[in-house]
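Just a sequence and a predicted model for now, questions to come.
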Amino acid sequence: MSGILNSSIGRKFAMALSALFLMVFLLQHFSINLLSVFSPDTFNEVSHFMGTFWVIQYLLQPVLIFGVIFHFVMGFVLEIKNTKARQISYAKNNGGANSSWMSRNMIWSGLAILAFMGLHFYDFWLPEINTKFIDGDMTGLIEGTQDFRYFEELQHKFHSHVRTILYVIAFVFLALHLLHGFNSAFQSVGANNKYTKGLKSFGKAYAIIIPLGFVFIAVYHHLKHVLS
């Protein structure tokens, strides 16, 4: 593994694989959250399954955490390497003319997403870990009731105007990151063939629809609270 990461091509390939893995997770995460809009009961049931099934908790969750850390660390490594390379070849190349704004600012959109993930972990993941593994409560129920707590917790987070706005801003940065990252990931793993045009179209659709969907979920729950 270390041998692969010592080469520029190897680092880009590993970065692309982690990106594709996280995009699959993002789609799954969005699908589950969308259930909260159309069927709170189904959202509760699926959330409880995802939060208690041992394969997900003890096998897949550590893989996901590793994937997130690896992607961000590798992103910083590539940015440092690219910055050094640009300083050497600056006189020969005009970066602004040869690349898009999104590709030149992936590090900034990535940092914005990283900051958002800190907020998201604080809002959802850490309380969940505390409830299940420190308090030892794996029931998923609201205390003193027979109702699942997941939908109520999700709604409560979007009561705040400020938090909702922060989430929306983060999803805008996510869209900008994905607009370049999706196609870049496929190119890095060698997907440059007759399907390239279709992949580019799919990538643009994914980069817009998924973040927009998350914005819709956040705004929906916020407005539901404000107008109730």
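Arrived safely.

from here on, contacts and neighbour counts on C-alpha atoms
OK.

which is the next helix or strand following the one helix or strand G51 maps to?
Here G51, judged by DSSP states H and E, is contained in helix 40-52. Sequence order places helix 54-55 as the next helix or strand after helix 40-52, per DSSP H and E.

Okay, strands next: where are they in this protein?
Read by DSSP state E, the chain holds no strands at all.

Give me the neighbour count for G136.
10 (other CA atoms under 10 Å).

Dihedrals phi and psi, it?
For G136, the backbone dihedrals (degrees, to the nearest 10) come out as phi 80, psi 20.

Could I get the pLDDT score of the spatially closest residue to M50 that is not a sequence neighbour?
In this structure, M50 finds its nearest non-sequential neighbour in I56, 6.4 Å apart by CA to CA, 6 or more residues apart in numbering. pLDDT for I56: 95.

So what's the residue count around I56?
So I56, with other CA under 10 Å, has 15 neighbours.

Do I have it right that it meets V63?
No: the criterion here is CA atoms under 8 Å, and I56 misses it with V63 at 9.6 Å.

how close does the residue nearest to M50 sit to L34?
20 Å (CA to CA, to the nearest Å).

And for I169?
From I169 to L34 the distance is 19 Å (CA to CA).

Ok, W101 next?
31 Å.

With neighbour numbers in mind, choose between those two.
L34 (18 against 13).

Name the nearest residue to the more buried one, sequence neighbours excluded.
L34 sits nearest to I217 (CA to CA, 6+ apart), 6.6 Å away.

count of residues packed around the one you found?
20.

Enumerate every residue touching it.
33-34, 37 (CA atoms under 8 Å, 6 or more residues apart in numbering).

Out of the residues you listed, which sit inside helices?
33-34, 37 (DSSP state H).

could you dump those to CSV with distance to T52 and pLDDT?
Shown next, in CSV, are those (distance: CA to CA, whole Å; pLDDT from 0 to 100):
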residue, distance to T52, pLDDT
N33, 17, 97
L34, 20, 98
V37, 22, 97
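
Tabulate these in JSON lines, adding columns for distance to A112.
Shown next, in JSON lines, are the ones in helices among the contacts of I217 (distance: CA to CA, whole Å):
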{"residue": "N33", "distance to A112": "21"}
{"residue": "L34", "distance to A112": "23"}
{"residue": "V37", "distance to A112": "26"}
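
got any ranges where the chain has weak pLDDT?
1-6, 86-99, 189-195 (pLDDT under 70).

Any figure for the gap between the most centrally placed residue in it and F70?
Note on the chain: the residue nearest the mean C-alpha position is L26, at 5.3 Å, using CA atoms, centre = their mean. Relative to F70, L26 is positioned 16 Å away (CA to CA).

would you list every one of the helices in this protein?
2-5, 8-38, 40-52, 54-55, 61-89, 95-98, 101-104, 106-120, 126-129, 150-157, 161-188, 196-227.

Now tabulate those in JSON lines and tack on distance to G140.
Below are those laid out as JSON lines (distance: least, CA to CA, whole Å):
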{"stretch": "helix 2-5", "distance to G140": "41"}
{"stretch": "helix 8-38", "distance to G140": "16"}
{"stretch": "helix 40-52", "distance to G140": "6"}
{"stretch": "helix 54-55", "distance to G140": "15"}
{"stretch": "helix 61-89", "distance to G140": "18"}
{"stretch": "helix 95-98", "distance to G140": "51"}
{"stretch": "helix 101-104", "distance to G140": "41"}
{"stretch": "helix 106-120", "distance to G140": "19"}
{"stretch": "helix 126-129", "distance to G140": "9"}
{"stretch": "helix 150-157", "distance to G140": "7"}
{"stretch": "helix 161-188", "distance to G140": "24"}
{"stretch": "helix 196-227", "distance to G140": "21"}
